[in-house]
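**Q** pasting the sequence and the predicted model now:
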Amino acid sequence: MSRGRGVRKKIFTENTAGPVSFSADVVSEIQELFNKITTYSKPAPGEWVIPHPSESLRCDPHQHARLQALKDSLNEVKNQLSDKNLEVWHQHTSFTNRAGKVIAHVRAAANAEICTQAWCKFYEILVTFSLVPDRALQNGELNSVHLCEAPGAFIASLNHYLKSNSLYCDWTWVANTLNPYHEANDNGTMIADDRLIANTLPWWFFGTDDTGDIMTQKYLLELQTFTRNTVDLVTADGSFDCQANPDEQETLVAPLHYCEVVTALLLLSPGGSFVLKMFTLYEHSSVCLLYLLNCCFGTVHVFKPATSKAGNSEVYIVCLDHCGREAVRPLLSKMIRNFELPITSREALFPNSLIPESFLQQHEEICAYFHEHQVRTITENLRLFQSMGDLERQKLNLLRDCAVQFYVERFHVQHLHRSKWLSKNSVPGCNVNSKLLFRKQAGTFNERKKLQALDWMEKVNQGSYKAFIEEHVTEVVGKGCLLAGPAEDCNMDAWYILVGTAIPKVRSSPFCDPDLLSCLNEALEHTGLTMDGGLCVPSCSSCEVLTLESILSEVISLHRSQLVHGACEQRLRCLVVGSPPLTGCLPQTSELHFECSEGPSHPAAGLVTLHDGEPQYQRELLACVLHSLRSLQAGGSLVLPLLSAFTRFTAGLVLALRHCFRSVTFRCPAPAGTLGAAVLLCANYCLAPGDRLLEFLGEMHSMKVDFSCQVLQFVPMEVLLKGGLLEFLWNMNKAIARHRLHLLVQARQHSITATT
């Protein structure tokens, strides 16, 4: 290895005080890093043509021997990583990554918004390929669609590129991603980072079912209607978590790539550009898609950005000069009809016999080129992981410094004032400040595979929450959490009722620790318990248990603390929601007159993973809240048990209660026999008669909703994410999930003890 002697070259940028010298071999290696570009060369016109639709989607996929040999070779090298601790390995490869310092430099020097690895990769693509069509700049109008875009780095990068280079045009963008706020979307398949989404929600299209699932035909057609205008640019940066089966990443992600390509071809106007993230290109599904793209675009490049980690399989397919929909329309119609079929039951897009040998030869050469680079990087990383000398460290540091200078110089990254960002006023998103936002895989691949095979109880015992879950409740949770109301900035003009397909299961929540919720769901599914009058497991004798008397005593204290002008001369009502047997003998005081108010009925058996998302429960909870608010007078109080507040619907009701009472707090766990895991204590009713809030809730209650649908949301997410509500809900839901898991663990342990 060179020690840096010999000819030295200078790299100069606007962001440095002067030229910085690097040896010729360092500069040469960095130049190679920034030039991993291959391009398909089209033969004579008429040789590469789209097969007739009658020939498509009717044959079994073909296995290409030479491509499969590359796949086997790569997997053999990658399998050497199976015993490496992922966190330690990532730390190592972050240091060996030649472009590892670029992101931090760009973030600081250019003041880039959401400056992630994706931001830097897309900026490379934008400049390298002049991605924005000249027609759009000449017309002064640019329309772009960004698929699978969360958290929004491609959009922020494009915004930076346009504004810092003074490419002024009327830019309209639409973005798609799995909705991070939709409770049916699984945490493992979506990006929870909503830094841009929370501030630009009107530009994100989630479809009428509100999921944002691009892999449904209904969403595809709705997106086409929603965009309408000429679309100049489509980007698709989607993927799945394939860490459980990394050898088959390409096959696992193939259905998504199919849907992204169909969407782009359906939306793009003639002359438009398309950027698609793919991985290895060895399977017949990838061969067919690349051939189709070559038939539909003037030029197709396969590009590995320098800021894409050299050891992974990620490449970007950059397609320029779209030929227009007419040429592909007949095939597109057939592809759309097969949109939702899983890749395992979908025939090959084209038979192998109709793919020209001239294309296959080029494709194999391209695959071999990227295979060589990836294998070389992994092999080097493995060698350096075993032993890295001082000279090698020095060389790597020089390479990393040179890459920063090279990036800034080649791509002319300039400073952009915050006023030109997309999110000028930063509003914290649902999980942005959570330590769980970027959850990292831990341990080795082999250890994670073993963990997946364990049952829920074994996972708890080996998980990071074991001590937290097993700890007994020694004091009531919630005393330190208080929502002071009413909020001064309550603007109901922006409230709207969103109806969508009924939620089959609450898989995620913007208002709860995602790992705890997933753990709770798995425990409930495998214990076969029902939600009938609460969680049907024995109570824990070692936990502090709330009683109805203690709850009412706290209501009295809360009521007294909220009196504004000293003692109240009249006796005020306090509605206690619950079944008559539980609340039949309510104590009375000179200050509060306690009355029983009927609550929601028990959710149907077998719906435990719906939590508070069960449609009937939600309807009856709304009716209960509405009845209570209409019954109370100024100064009154309300005691309301809740199953949870995982859904946007219940979160909206909690916000509504905040606007109706001067203080709202919670206590967990709820008293035994209560239909709920926590209890809301609402004191000092302050809503004026005839307030718009009561009218709105009444209209929602009187809505006729199809049995297959339910109200998903009625308060905008921008509102639910503001102020102290988010922290309040997070703390309450965390306490609920933790205590339910505690009871399930205790029940399992008692069961094991009894059988032995």
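**A** Arrived safely.
**Q** count the residues that sit near Val27.
**A** By the criterion of other CB atoms under 10 Å, Val27 has 21 neighbours. No exception for glycine: its C-beta is placed from N, CA and C like everyone else's.
**Q** so what's it scoring on pLDDT?
**A** Reading off the confidence values, Val27 has pLDDT 95.
**Q** please, which helix or strand holds it?
**A** helix 24-33 (DSSP states H and E).
**Q** what's that helix packed up against?
**A** If contacts are counted by 3 or more CB pairs under 8 Å, 6 or more residues apart in numbering; DSSP states H and E, helix 24-33 sits against strand 8-11, helix 390-411.
**Q** which residues sit against the longest strand seen in the chain?
**A** Looking across the chain with DSSP state E, the single longest strand is strand 268-278. Outside strand 268-278, the residues within contact range by CB atoms under 8 Å, 6 or more residues apart in numbering are 122, 125, 129, 131-133, 135, 230-239, 250, 253, 257, 260-261, 264, 286, 293, 297, 314-325.
**Q** pairing partners for that strand, with directions?
**A** strand 231-236 (parallel), strand 315-322 (antiparallel) (DSSP bridges).
**Q** for Ser628, which three-state class applies?
**A** helix (DSSP: H, G, I helix; E, B strand; the rest coil).
**Q** check contacts around it.
**A** 575, 577, 597, 638, 640.
**Q** can I get the residues you listed in JSON lines with distance to Ile556 and secondary structure?
**A** JSON lines is the format used below for these (distance: CB to CB, whole Å; DSSP: H, G, I helix; E, B strand; the rest coil):
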{"residue": "Leu575", "distance to Ile556": "14", "secondary structure": "strand"}
{"residue": "Val577", "distance to Ile556": "17", "secondary structure": "strand"}
{"residue": "Ser597", "distance to Ile556": "18", "secondary structure": "strand"}
{"residue": "Leu638", "distance to Ile556": "14", "secondary structure": "strand"}
{"residue": "Leu640", "distance to Ile556": "16", "secondary structure": "strand"}
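**Q** would you map the helices across the stretch 651-756 of the chain?
**A** 692-701, 717-720, 725-755 (DSSP state H, counting those that start in this stretch).
**Q** and the second one, what does it pack against?
**A** Spelled out, that is helix 717-720. helix 648-660.
**Q** give me the mean pLDDT for the helix it packs on.
**A** Mean predicted confidence for helix 648-660 is 97.
**Q** likewise stretch 675-690?
**A** 89.
**Q** buried sites along it?
**A** Going by neighbour count (16 or more other CB atoms under 10 Å), the buried part of stretch 675-690 is 675-687.
**Q** from those, pick the one nearest His593.
**A** Ranked by distance to His593 (CB to CB), those are led by Tyr685 at 13.5 Å.
**Q** ok, what's across the strand from the closest one?
**A** Phe661.
**Q** now swap in Val639 and tell me
**A** Beta-bridge partners of Val639, as defined by DSSP bridges: Val576, Leu681.
**Q** before we move on, the earlier item: which among the contacts of Ser628 gets closest to Glu141?
**A** Nearest member of those to Glu141, counting by CB to CB, is Leu640, at 52.0 Å.
**Q** any chance of CSV for the contacts of Ser628, columns neighbour count, pLDDT and distance to Thr177?
**A** Shown next, in CSV, are the contacts of Ser628 (neighbours: other CB atoms under 10 Å; pLDDT from 0 to 100; distance: CB to CB, whole Å):
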residue, neighbour count, pLDDT, distance to Thr177
Leu575, 24, 91, 42
Val577, 26, 91, 38
Ser597, 19, 85, 41
Leu638, 26, 95, 38
Leu640, 25, 95, 34
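**Q** burial count for the closest residue to Leu70 other than its chain neighbours?
**A** Among residues not flanking Leu70 along the chain, His371 sits closest, at 4.8 Å (CB to CB, 6 or more residues apart in numbering). The number of residues packed near His371 is 21, by other CB under 10 Å.
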